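Undergrad: Got a predicted structure here, sequence first:
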2 protein chains.
Amino acid sequence: MNRFTDRLRDVQKARKSFLCVGLDPDMARMPAQLLSGGIEDSLVAFCEGIIESTAPFACAYKLNFAFFERHGVEGWRALERVAAAVPPDILTIADAKRGDIGNTSRFYADSAFSLPGCDAITVSPYMGRDSVQPFLEYPGRAVFVLARTSNPGGADFQEMLVDGEPLYARVARLAVEWASGMDGEAGLVVGATDTDAARELRRLCPNTPFLVPGVGAQGGDVPAIMDAVGAAPGNALINSSRQILYASEGTDFGRAAADAAASIRDELNANAEWDLAP
Amino acid sequence: MNRFTDRLRDVQKARKSFLCVGLDPDMARMPAQLLSGGIEDSLVAFCEGIIESTAPFACAYKLNFAFFERHGVEGWRALERVAAAVPPDILTIADAKRGDIGNTSRFYADSAFSLPGCDAITVSPYMGRDSVQPFLEYPGRAVFVLARTSNPGGADFQEMLVDGEPLYARVARLAVEWASGMDGEAGLVVGATDTDAARELRRLCPNTPFLVPGVGAQGGDVPAIMDAVGAAPGNALINSSRQILYASEGTDFGRAAADAAASIRDELNANAEWDLAP
């Protein structure tokens, strides 16, 4: 399998998109007509509908494990079916935020990377090197380490100064160092809500792919974040979830999601440092 | 439901035990005769055998989610059955190390606390307050926040100095602060492999329950860690996994696990600051 960043660059160029669609299926916001068939089928029907409608505008899908796991066995079964529904040339990211001692992380890695077509996973860095490294042993895959997250609490620890540098910067530098010589690649989760941090992280890690949540519902500004991360094919995935999934909560959810995805895709491209021509 | 620390104190006094048995079922190390019935049944048979044999010596079981999740739907189904097999007066801890932005953590909390009899969960602090707080909204439950973990990489970030104090201490202080006034309680994960950190954490958080992994296979010394955490009923759970589960990898795994659990329980009690008399 080719390296993740090569595949990311290729799909982004081919599909002319930086957009990663986040799949956070919330039964409370799904159209009523999808809810008749039980939990598993409802989750799958909704996500398949979203994938089908938005695939022309996306380069990746991010599966938010919590929204599936909360439904126990049925949710887990849905997760596998949804992963299988992503078109093969589009990337699939397991947003699981795992991390444990070495021999346990190995099993979390196994679990995520055995999902159909799974290309990458999000990982929490707090437990250090041996908690991240097992995820880096999979050729062609990427491990997006949480650096600076988009939520209000993101600043609580990530902005703390360690020897004069913010913790998020230290995490980023070490994550890239840990990946050196490994079969997989390191990426970073870089929230759209702190463009200063994003700019600093890009300075520190010029060639690392960034997974950027927080535009839309969380308030991140598109032109500012695209500039801060120096978005170019292979180096940045901009995630949007709620703004697309729940553009309409009615029967026309697919069409509304497509419209929202197209419009975000276009806005991202308008602010990228690359030529749209194939 | 009574508060977690009250229930912990009661069960520890009633059962005269600080021992938390970690359920990390690894098919590669399970006795061959258990493997005939498929993944789900094998995991359940092994864990039920361990629970039945070790219950006389344990005050809690810790379910290591990774060892179940790696088997997908079958593992998830096994997890629910194993949680249901824990005797009702013994506590159940979901070792899931979750943590995400607020609205997503809510679903992880839902997922863990809807497991049969689940009393507590382990949570990663890296994403800050809104990632931890949703777990604290469940009356009678505890949230064990990773402070100083027992693995080699634990030192990578946790020992970094922030305004003159190690990150693990800052995490601990904030976790306790976040729990103030909430329905649930904060606990801390404090590895047995760094007794200096454990002692400092006990000084900072005199009444907080500590979940202590790392004795046995990971090398933590029992007398040293019991002294460092000032173990008394309601304030410390000492976890052992591999040393008990794989005491024998043959047909006598139950008896061997019981012997190992009894011997660790006795060693813990011999080093505790409390009177064994009921």
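TA: Yep, it's here. This is a predicted model, so every value here is computed, not measured.
Undergrad: now the closest residue to A:Arg173 other than its chain neighbours: how far from A:Ala198?
TA: Spatial nearest neighbour of A:Arg173, excluding adjacent residues (Cβ to Cβ, 6 or more residues apart in numbering or on different chains): A:Leu204 at 6.0 Å. Just so you know, the C-beta spots here come from the backbone N, C-alpha and C atoms, and that holds for glycine as well. Per Cβ to Cβ, to the nearest Å, A:Leu204 is found 11 Å from A:Ala198.
Undergrad: For those two, indicate the residue with more neighbours.
TA: A:Ala198 (29 against 17; other Cβ atoms under 10 Å in any protein chain shown).
Undergrad: Is the more buried one in a helix, a strand, or coil?
TA: helix (DSSP: H, G, I helix; E, B strand; the rest coil).
Undergrad: low-scoring stretches of the stretch 1-150 of chain A, by residue?
TA: Scanning the stretch 1-150 of chain A for pLDDT under 70 picks out nothing.
Undergrad: Residue numbers of it in contact with chain B?
TA: A:24, A:64, A:66-67, A:69-73, A:75-77, A:80, A:97-102, A:104-105, A:107-108, A:110-111, A:114, A:124-132, A:146, A:149-150 (Cβ under 8 Å from any Cβ of the partner chain).
Undergrad: Model confidence score at the residue nearest to A:Arg173, please.
TA: Note on A:Leu204: pLDDT of 98.
Undergrad: Touching, it and A:Arg170? I think so.
TA: No: with contact defined as Cβ atoms under 8 Å, A:Leu204 does not reach A:Arg170; the gap is 9.7 Å.
Undergrad: Point me to the helix or strand that includes the residue nearest the centre of chain A.
TA: Nearest to the mean C-alpha position of chain A, by Cα atoms, centre = their mean, lies A:Lys62 at 4.6 Å. Element membership for A:Lys62 (DSSP states H and E) is strand A:60-64.
Undergrad: Show me the contact partners of that strand.
TA: A:8, A:11, A:19-24, A:51, A:79, A:82-83, A:86, A:90-95, A:115, A:119, A:211, A:237, A:239, A:241, B:104 (Cβ atoms under 8 Å, 6 or more residues apart in numbering or on different chains).
Undergrad: what packs against the next helix or strand after that strand?
TA: Where DSSP H and E defines the elements, the next helix or strand beyond strand A:60-64 is helix A:65-69. Helices and strands touching helix A:65-69, by 3 or more Cβ pairs under 8 Å, 6 or more residues apart in numbering or on different chains; DSSP states H and E, are helix A:72-85, strand A:91-98, helix B:102-113.
Undergrad: looking at it, A:Ile244 is touching A:Asp259, isn't it?
TA: No: A:Ile244 lies out of contact with A:Asp259 (Cβ under 8 Å); the separation is 9.2 Å.
Undergrad: Pull out the buried residues from stretch A:49-64.
TA: Judged by neighbour count (16 or more other Cβ atoms under 10 Å in any protein chain shown), stretch A:49-64 contains these buried residues: A:49-51, A:53-55, A:57-64.
Undergrad: returning to that earlier point: of the helices and strands packed on helix A:65-69, which stretch is the most buried?
TA: Mean neighbour counts were taken over those using mean count of other Cβ atoms under 10 Å in any protein chain shown, and the top value, a mean of 26, falls to strand A:91-98.
Undergrad: Run the angle between that one and helix A:72-85 for me.
TA: 150 degrees (axes from the mean of the first three to the mean of the last three Cα atoms, to 10 degrees).
Undergrad: what ranges do the helices span in the stretch 151-278 of chain A?
TA: A:154-158, A:167-179, A:195-204, A:222-228, A:242-245, A:253-270 (DSSP state H, counting those that start in this stretch).
Undergrad: residues in contact with the last one?
TA: Counting contacts by Cβ under 8 Å, 6+ apart, the residues outside helix A:253-270 that touch it are A:16-19, A:21, A:30-31, A:46, A:49-50, A:52-54, A:56-58, A:215-216, A:222, A:226, A:231, A:238, A:240, A:243-248, A:276.
Undergrad: taking the mean pLDDT, what do you get for it?
TA: For helix A:253-270, the per-residue pLDDT averages 97.
Undergrad: just the first one next, same as before
TA: Confidence for helix A:154-158, expressed as mean pLDDT, is 97.
Undergrad: which other helices and strands contact it?
TA: For helix A:154-158, the packing partners by 3+ Cβ pairs under 8 Å, 6+ apart are strand A:142-148, helix A:167-179, helix B:167-179.
Undergrad: got the CA positions of it in PDB?
TA: C-alpha atoms of helix A:154-158 as PDB (Å, rounded to 0.1, in the frame of the first residue of the first chain):
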ATOM      1  CA  GLY A 154      -8.400  22.200  24.500                       C
ATOM      2  CA  ALA A 155      -6.500  25.000  26.100                       C
ATOM      3  CA  ASP A 156      -6.500  23.600  29.600                       C
ATOM      4  CA  PHE A 157      -3.400  21.500  29.200                       C
ATOM      5  CA  GLN A 158      -2.400  21.900  25.600                       C
END
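Undergrad: Just want the phi and psi numbers for A:Asp183.
TA: When read as degrees, to the nearest 10, the backbone of A:Asp183 gives phi -70, psi -30.
Undergrad: Leaving out sequence neighbours, find the closest residue to it.
TA: A:Pro139 (4.2 Å).
Undergrad: The one you found reaches A:Glu185, doesn't it?
TA: No: in this structure, A:Pro139 is not within contact of A:Glu185 by Cβ under 8 Å, at 9.8 Å.
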